[in-house]
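Asks: Got a predicted model here, sequence first, then my questions.
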Amino acid sequence: MPRPRNELVSLEDTPNYHCVSRCVRKAFLCGVDRDTGINYEHRREQIEKRLFTLADIFAIDVCAYAIMHNHHHEVLHVDAERAKGWTWQEVIQRWHRLYKGKVLSQRFLEEEPLDEAELNQLKELAELWRERLMSISWFMRALNEPVARDANAEDECTGKFFEARFKSQALLDEQALLACMTYVDLNPIRAAISETPETSDYTSIKRRLQAAGKGTVPKQLARFQGNDVKCKKPHPIPFSLKDYIELVEWTGRTIRPGKRGHISEKLPPIFKRLQISPEEWTDLALNFEKHFTHWIGGAEQLQQLCESKGMRHVHGSKHCRQVFDT
């Protein structure tokens, strides 16, 4: 049974979400359409640039992403405290980087004099926009709408370009977050488009590896804690960058075409912390979306979720317990 979006995306449950947007029918988002021979590869860069622009405007960090031929993935972290720390003037300025706003906000930015009633009205408007600037729904809307409009104009057609709005999965704990990030980063390898993480174009793992090779970190992406001593953000990804890269590379070798099912004896040390067997981890990297629906996490997190929402059962909870509660 479908559930309302405000239940699926609730900051009271978790700030971390996996979002997926897929094209309708056989529409091509990126790459070369085999039926028509038309190359849509330029859309990858368009989506990536838009994603980074939105991350700079919204109080939302991009933990991982992958832009595929007919869909794109994002793992997002909502930083509500950052949004609450903005002044109402800063909120208005951020909103106007995306939309025209209202006549009143336009007058304010043009430094026209406003009376007290108008200022109070503007402050109320800023609070509405503040909520939207930490909303997953508004983030994905701002990401997909320009892409869909440009694609329809390019294809000289009208109608929907993406299925519904977007699919979202709530990541309730650290294990679910890491598993989902790895699944997203390895999408091109799983689809046999790339053979290694460093050759997986338009993914967060390639951008992280390129930056690591230069001794830097990509400013467009959420930071890791641990070995990343330069990280000053209040809510970094709760793992070290070194361990994550090692884990993704190990997993990528394991699921590479012709290597599936092979488990190396040399495992990344992060497996001990996660308490997940390498066999279960490889299955996650291949079938994350297949195994889980809306909420992913350990037994304790799922129990708390059910109690808070008055539910008796969460679909996929059996598999969650098998994987995350070893």
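Replies: Received, thanks.
Asks: Let me see the contact set for the closest residue to Val9 other than its chain neighbours.
Replies: Distances taken as C-beta to C-beta, 6 or more residues apart in numbering place Ile136 nearest to Val9, at 4.8 Å, with adjacent residues excluded. C-beta coordinates here come from the backbone N, C-alpha and C atoms, glycine included. Listed by C-beta atoms under 8 Å, 6 or more residues apart in numbering, the contact set of Ile136 reads 9, 17, 19, 60, 76, 78, 168.
Asks: now with 10 Å?
Replies: Residues near Ile136 by C-beta atoms under 10 Å, 6 or more residues apart in numbering: 5, 8-11, 15, 17, 19, 58, 60, 74, 76, 78, 166, 168, 170.
Asks: ok, which stretches of the chain are strands?
Replies: With DSSP state E as the criterion, the chain has strands at 16-22, 60-67, 71-78, 167-171, 295-296.
Asks: name the helices or strands packed onto the second one?
Replies: The elements that strand 60-67 packs onto, with contact taken as 3 or more C-beta pairs under 10 Å, 6 or more residues apart in numbering; DSSP states H and E, are strand 16-22, helix 42-57, strand 71-78, helix 80-84, helix 136-155, helix 174-185, helix 187-190, helix 204-213.
Asks: now do the third one
Replies: In this structure, strand 71-78 makes packing contacts with strand 16-22, helix 42-57, strand 60-67, helix 136-155, strand 167-171, helix 174-185, helix 187-190, helix 204-213, judged by 3+ C-beta pairs under 10 Å, 6+ apart.
Asks: Output these in CSV; the columns should cover distance to Ser240 and mean pLDDT.
Replies: What follows is those, written out as CSV (distance: least, C-beta to C-beta, whole Å; pLDDT from 0 to 100):
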stretch, distance to Ser240, mean pLDDT
strand 16-22, 18, 94
helix 42-57, 22, 93
strand 60-67, 14, 96
helix 136-155, 26, 91
strand 167-171, 19, 90
helix 174-185, 11, 91
helix 187-190, 22, 88
helix 204-213, 12, 92
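Asks: Redo these as CSV? Include distance to Trp95.
Replies: CSV is the format used below for those (distance: least, C-beta to C-beta, whole Å):
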stretch, distance to Trp95
strand 16-22, 21
helix 42-57, 8
strand 60-67, 14
helix 136-155, 10
strand 167-171, 23
helix 174-185, 28
helix 187-190, 32
helix 204-213, 26
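Asks: Out of the ones you listed, flag the one nearest Ile237.
Replies: strand 60-67 (5.9 Å; C-beta to C-beta).
Asks: What are the buried residues along stretch 114-125?
Replies: Buried residues in stretch 114-125, defined by neighbour count with 16 or more other C-beta atoms under 10 Å: 122, 125.
Asks: The protein - how does it break down into domains?
Replies: What automatic domain parsing lists as the domains of the chain is 12-79+135-324, 88-132.
Asks: and the last one, how far apart are its ends?
Replies: Read it as domain 88-132. 13 Å (C-alpha to C-alpha, to the nearest Å).
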